[in-house]
Structures are given as structure tokens and as C-alpha cells.
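[1] let me see the structure of the following:
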Amino acid sequence: MPAAHKHGSSTIGVIDIFAGPGGLGEGFSSFTSSSAKHPFDVVASAEMEMAAHATLQLRTFMRLAERKSGCVPRAYYDFLKRIANGEAERPSECFREGRWGTIWKEAEARAMNLTLGQEADNRRLYGRIREVRRVHDEIVLIGGPPCQAYSLVGRARQRNVDGFSTKGTPKHFLYRQYLRILADFAPAVFVMENVKGILTSVVGGREMFKAITKDLSDPAAAVGGSARHGVGSNHRYVLLPVHVGHNQLRTSELVADHPERFVVRCEYHGVPQARHRVIIMGVRDDLMHSGIARIPGLTGNDGGPVSVDEALQGLPRLRSGVSRQIDNANVWHKTINCERARLSRELRSVLPDVAACLADMRPAHRLPRMSSRYASGTSRYSKRVRDPEQAVVLNHETRGHMESDLGRYLFCAAFAQERGRSPTAENFPWQVAPDHQNWGTGAFSDRFRVQLRGRPSSTVTSHLSKDGHAFIHWDPNQCRSLTVREAARLQTFPDNYVFLGNRTQQYVQVGNAVPPLIAEQIARVVWQVLNGA
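    Have a look, this model is predicted:
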């Protein structure tokens with residue numbers, strides 16, 4: 001019998017750990033099936049970082065209010081307007097009392113600010129899971145432990161940390177929080193996401209991916225005992241890819257010798273971004289059935305890859321700012337023109353086409369640095385993420401940059417416009433290259449990167465919070481890096497998904513998230529697994 005209806009329950013409870021701002025949960029919540037409007041109910045989310053938790057809690061409230069009333073409440077849109085005008089109070093001050101108080105308090109119970117691995121916080125989460133198990137016959141566990149420990153860049157930095165090569169860091173072993181929940185509560189299915197670097201990560205001579213997949217297959221054995229909360233039954237899990245190719249069977253053998261088949265390439269599935277992530281689906285052994293092998297993979301691109309230009313349609317044009325001095329339109333215009341004239345003159349003999357492009361450009365100094373008003377222009381993609389009831393654009397404000405970096409942005413955008421690709425370090429003339437000791441080593445050959453308008457972007461990462469060098473807008477006249485909202489568009493977040501905290505925190509939230517569009521497609525696969533498809 002399908003897991004979702006074992007005792008008459010119509011929904012599956014979802015536990016989202018290491019939730020960030022809620023990208024995975026958003027996808028599961030958004031999924032609709034032919035038999036149930038919203039079969040997945042995100043009943044518990046755990047996130048340690050306070051700004052991400054604030055974002056998560058507000059979104060949880062919005063989803064609950066939408067399901068209760070049948071549409072997003074007008075009070076939520078009014079709140080977004082106040083945010084755009086800089087007049088908004090904290091969400092709790094707006095919604096905790098009055099008409100929406102009961103729903104806000106339910107959102108507080110579901111979206112928990114806690115640190116997994118700390119005993120008191122673990123008890124809070126486990127208590128919540130026990131509560132929801134009384135309502136839902138089955139639960140699904142989703143999330144991904146922090147990925148910096150496994151990323152190639154993170155590993156390069158960690159080699160200089162004393163003791164790292166033999167001991168690793170605590171972040172390498174946060175996946176054990178997954179194991180504890182799997183062993184104690186035996187969810188029907190789990191979905192675990194991480195960076196591709198996890199496939200090759202080695203700590204103390206131990207291949208981490210092999211160790212992790214072995215532990216995930218038999219979590220009770222991995223944590224050294226049987227279930228402690230009276231729910232788990234020492235079940236094992238069969239590890240499967242969420243995506244399989246056309247006419248390809250989804251089996252454990254498919255990935256046993258070729259773990260790279262766990263990798264999902266998001267640009268092939270409607271995401272305007274070349275984001276490649278390892279996504280493991282574990283199915284509890286008693287729920288395995290022959291139909292799982294034939295469930296289709298993730299949705300393919302209908303009409304080809306989605307470009308950056310398509311993704312950003314309707315967002316207003318902006319200019320950057322000048323940092324470390326007074327910034328206004330005239331100062332910016334003067335600065336850009338000085339850099340433009342210098343570069344055009346100095347590049348005339350070595351890169352004449354780029355020099356000519358710079359000479360012809362007209363810096364858009366009359367543009368604002370932030371805007372909450374939508375512009376004209378739509379695409380099929382922008383219609384998907386834009387809410388017709390929403391009147392304002394949120395999280396759309398540019399950075400200020402040093403004069404020298406503004407010159408490099410001009411050069412990069414003009415080079416990309418003329419050559420159809422972003423320049424690498426070897427394309428930088430000495431007049432433009434930064435004075436970095438390691439610039440010529442090749443380690444940072446694409447440190448300055450233009451996001452080409454006609455292609456999917458490169459991977460949006462949390463490093464976007466440090467600087468915007470790897471996310472330069474294609475238009476040299478705007479001479480800037482991407483805004484939080486533009487990065488959110490590339491991550492497939494809907495426009496009515498507001499990110500709270502300061503701008504740095506917002507960039508981190510967006511960069512660390514799972515694209516909701518991919519999560520929604522994963523949810524479809526999980527639903528079919530649980531319903532005997």
C-alpha cells in the first residue's frame with residue numbers, strides 16, 4: 001500500500017535540516033500532484049544562522065497562510081511594500097498578534113533556530129519530530145550539511161589548517177546528524193544534497209563519500225546502536241539517483257561504481273545556472289518496489305537552456321556605486337568616464353575591438369543604485385517567478401566598488417561583449433590586472449567573470465557575499481555586479497520570496513540554497529516512489 005495513505009493520511013511530513021533560507025523546503029511545498037494538491041507538508045525546519053532563520057520563518061508563515069486562506073494574504077503583500085519603502089517592522093511585530101497570530105505561532109513552531117549537534121537543540125528537534133509523527137504516517141528527511149568542508153575551494157584553504165589532514169573539521173561530520181534522525185525515526189525517504197567536491201574529499205586517508213554512503217545505507221549501525229526514540233526499526237536504506245536518463249533504470253547498481261551519476265546538472269532542468277550538485281535519494285528498504293526503477297528523472301529543458309537575460313527580464317536596470325568616497329551620479333559618471341578613457345587609450349594597440357567598445361559606451365549614470373519598481377520586459381521564465389499580485393521588487397540594490405575594480409568590470413564586460421566569452425587572467429593586459437601576488441599562478445584565472453546574457457550563469461555561491469567579481473553584469477554601461485534579487489532569480493526563487501538580514505547575509509542565503517525548481521522536481525520523484533508509481 002502506498003506509504004502516504006497507510007492509515008488514511010493525505011500528506012507526508014517533511015523534516016528539513018540545515019535548511020538555510022528554505023530552498024529545498026520551498027520546492028517540496030510547491031509540488032502538486034494529480035491526487036493531492038500539496039502532498040508534502042514541511043512540518044519542521046532547522047537552521048542555525050539567525051538571518052537565514054528569519055527568512056525561513058517568514059516564508060513558513062506565508063505558506064501556512066496561503067494554504068489556510070487559499071491565496072497569499074493581502075497583509076503579506078502590504079508587508080513587502082513596507083520593506084521596499086524601508087518602513088517595515090520585524091515580521092513578528094507585524095503578524096504575531098491579531099488575525100494572523102495563530103498562524104505566525106505555528107510558523108514559529110515549525111521553523112526552528114537551532115544548531116544541530118548541540119544536545120539541547122537536538123532534543124528540541126526530536127521532540128518536534130515525535131509530535132508530527134502522530135499526525136503523519138510517514139516523514140521525509142531533506143537537507144544538506146554545510147558544503148564548505150567538501151568544496152574544492154574550501155579544501156584548498158583547509159590544507160593550511162594545523163591538523164586538518166588527519167582530523168578534518170567538525171563540518172566534515174555534520175552528516176552524522178542525518179544518521180541520528182534516520183536511525184531514530186526511520187523516515188520513508190531522505191534527500192541529501194552537497195557539492196560535487198564531496199565525491200573526492202579525503203580526510204585522514206579516508207574517502208569521505210564512500211564512508212558517508214556506507215553510513216547512510218545502514219544508519220543504525222553507523223551511530224552504534226538501535227533506535228532511541230521508539231520509532232526507528234534499524235531499517236536500511238537503498239541509495240538511488242534522483243535523476244536518470246531516458247530509458248535508464250534507477251537502480252543502486254547504477255551509482256555503486258559510478259557515484260558521479262548522483263550529480264544533477266541544473267542547467268539541463270530549467271535552471272538558468274550551471275549548478276552541479278550531488279543529490280542522494282535514500283529509500284527505506286521496506287518501501288522498495290519494482291516501479292521505482294522506471295520512474296522518470298527530472299524534467300528536461302523545454303525549449304533549450306534558460307539564459308541569464310531571460311531570467312532577469314523585468315528587473316530594473318541599475319548602476320553600481322563608488323566605494324570609499326562620496327557616491328552620487330556625478331561622481332560615478334566622472335569615475336567611470338576616467339576609467340573608460342584610460343582603458344580605451346591603453347588597450348588600443350593590444351585589444352582594439354575592446355578599446356573601440358569602451359570608446360563607444362555611454363555610462364548609465366542616471367540609473368539609480370536600487371529600485372523597487374518593475375521594468376518592462378518578460379520571458380516565459382520571468383513569468384514563472386513573478387507574482388502578479390506583487391507590486392514591488394525586493395532585495396535589488398547594487399554594491400559600491402573601488403575605482404580600480406570598476407575599471408576591471410568595464411574591461412571584462414566590454415571584452416565579453418566583443419568576444420562572446422568572459423576574459424581569463426591571461427587575457428588581462430598589465431594595465432588592467434590586479435596587483436595580486438598569485439594573479440599569474442593560474443589559481444584565480446577566472447576571478448573576474450562576466451555572466452553572459454545569452455547563456456546560463458555560472459554557479460551562484462555564497463562567495464558572492466564577499467565581492468561581486470565573479471558575477472559581473474554583462475552590460476558595461478551599468479558596470480556592476482549582480483544584486484541579491486538577480487542571484488535569487490538565477491536560483492529560481494520566486495520574487496515574493498524576501499530575504500532578510502543585511503545584504504551580506506542575503507547573498508550567503510541565496511548562494512547556499514538549493515534551487516526551488518530543482519527541489520520541486522525532486523519532490524515529484526519522491527512522491528512517485530511513495531505512491532507505488
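[2] now do the strands in this structure.
    With strands called from DSSP state E, the chain shows them at 12-17, 40-47, 111-113, 139-143, 189-195, 202-203, 206-207, 237-241, 263-265, 276-284, 321-322, 400-401.
[3] nearest to residue 458, of these?
    strand 276-284 (10.6 Å; CB to CB). For glycine as for every other residue, the C-beta is placed from the backbone atoms N, C-alpha and C.
[4] buried ones in the closest one?
    277, 278, 279, 280, 281, 282, 283, 284 (16 or more other CB atoms under 10 Å).
[5] quick one: residues contacting the last one.
    Going back to what we said before, that points to residue 284. 186, 187, 188, 189, 235, 236, 237 (CB atoms under 8 Å, 6 or more residues apart in numbering).
[6] burial of the residue lying closest to it once chain neighbours are set aside, as a residue count?
    Closest residue in space to residue 284, ignoring its immediate chain neighbours: residue 235 at 5.0 Å, by CB to CB, 6 or more residues apart in numbering. The number of residues packed near residue 235 is 18, by other CB atoms under 10 Å.
[7] next: residue 74.
    With other CB under 10 Å as criterion, residue 74 counts 10.
[8] and for residue 324?
    The burial count for residue 324: 9, using other CB under 10 Å.
[9] where does it land on pLDDT?
    We have a pLDDT of 85 for residue 324.
[10] go ahead and confirm it touches residue 402.
    Yes. At 6.6 Å, residue 324 and residue 402 qualify as touching, with contact defined as CB atoms under 8 Å.
[11] before we move on, the earlier item: how about the residue nearest to residue 284, what does it touch?
    186, 220, 284, 285, 286.
[12] quick check: the nearest residue to the last one once chain neighbours are set aside vs residue 459, distance?
    It stands for residue 286. Distance criterion CB to CB, 6+ apart; nearest residue to residue 286, sequence neighbours excluded, is residue 235 at 6.5 Å. As judged by CB to CB, to the nearest Å, residue 235 and residue 459 stand 35 Å apart.
[13] then residue 516?
    Counting by CB to CB, the gap from residue 516 to residue 459 is 16 Å.
[14] between these two, tell me which one has more neighbours.
    The neighbour comparison of residue 516 against residue 459 (other CB under 10 Å) goes to residue 516, with 27 against 18.
[15] isn't the more buried one right up against residue 496?
    No. Counting by CB under 8 Å, residue 516 stays clear of residue 496, with 12.0 Å between them.
[16] domain assignment for the chain?
    Following automatic domain parsing, one gets these domains for the chain: 3-307+514-530, 316-392+399-434+441-482.
[17] give the rounded mean pLDDT of the first one.
    Read it as domain 3-307+514-530. Domain 3-307+514-530 comes out at a mean pLDDT of 88.
[18] what angle separates the helix ranked longest in the chain from strand 12-17?
    Longest helix in the chain, counting residues (DSSP state H): helix 50-69. For helix 50-69 against strand 12-17, the angle by axes from the mean of the first three to the mean of the last three CA atoms, to 10 degrees is 170 degrees.
[19] other residues contacting helix 50-69?
    So helix 50-69 is contacted by 19-22, 25-26, 29, 38, 42, 45, 47, 72-73, 76, 91, 95, 100, 103-104, 106-108, 110-113, 496-502, 505-506, 508-509, 512 (CB under 8 Å, 6+ apart).
[20] same deal with stretch 502-509?
    20-21, 49, 51-52, 55, 395, 397, 399, 462, 464-465, 484, 487, 499-501.
[21] buried residues in that stretch, which are they?
    Buried-residue list, stretch 502-509, by 16+ other CB under 10 Å: 505, 506, 507, 508, 509.
[22] CA atoms only for that stretch, dumped as CSV, please.
    Extracted in CSV, the C-alpha atoms of stretch 502-509 (Å, rounded to 0.1, in the frame of the first residue of the first chain):
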residue,chain,number,x,y,z
ASN,A,502,21.8,42.6,5.9
ARG,A,503,22.9,42.4,2.2
THR,A,504,25.9,40.2,3.0
GLN,A,505,23.7,37.7,4.9
GLN,A,506,21.2,37.8,2.0
TYR,A,507,23.9,36.9,-0.5
VAL,A,508,25.0,34.0,1.7
GLN,A,509,21.5,32.7,2.0
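[23] average pLDDT for that stretch, rounded please.
    Rounded mean pLDDT across stretch 502-509 is 97.
[24] closest to residue 377 out of the strands of the chain?
    That would be strand 321-322 among the strands of the chain, by CB to CB, at 24.1 Å.
[25] pull the residues that contact the closest one.
    With CB under 8 Å, 6+ apart, strand 321-322 has contacts from 327, 331, 332, 335, 369, 398, 399, 400, 401, 402, 403, 406.
[26] about what we covered before: pick out whichever of the contacts of residue 284 sits closest to residue 176.
    With CB to CB as the yardstick, the closest approach to residue 176 among those comes from residue 237, at 15.0 Å.
[27] ok, now how distant is that closest one from residue 282?
    For residue 237 relative to residue 282 (CB to CB), the value is 4 Å.
[28] do the same with residue 525
    13 Å.
[29] likewise residue 53?
    26 Å.
[30] mind putting the strands of the chain in JSON lines, distance to residue 33 included?
    Formatted as JSON lines, the strands of the chain follow (distance: least, CB to CB, whole Å):
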{"stretch": "strand 12-17", "distance to residue 33": "11"}
{"stretch": "strand 40-47", "distance to residue 33": "9"}
{"stretch": "strand 111-113", "distance to residue 33": "24"}
{"stretch": "strand 139-143", "distance to residue 33": "14"}
{"stretch": "strand 189-195", "distance to residue 33": "15"}
{"stretch": "strand 202-203", "distance to residue 33": "41"}
{"stretch": "strand 206-207", "distance to residue 33": "38"}
{"stretch": "strand 237-241", "distance to residue 33": "20"}
{"stretch": "strand 263-265", "distance to residue 33": "21"}
{"stretch": "strand 276-284", "distance to residue 33": "17"}
{"stretch": "strand 321-322", "distance to residue 33": "47"}
{"stretch": "strand 400-401", "distance to residue 33": "47"}
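[31] closest one to residue 254 among those?
    strand 237-241 (6.4 Å).
[32] quick check: buried residues in that closest one?
    Neighbour-count burial for strand 237-241 [16+ other CB under 10 Å]: 237, 239, 240, 241.
[33] which residues touch it?
    Contacts of strand 237-241 (CB under 8 Å, 6+ apart): 182, 190, 213, 216-219, 250-252, 254-255, 261-262, 279-285, 288, 292, 297.
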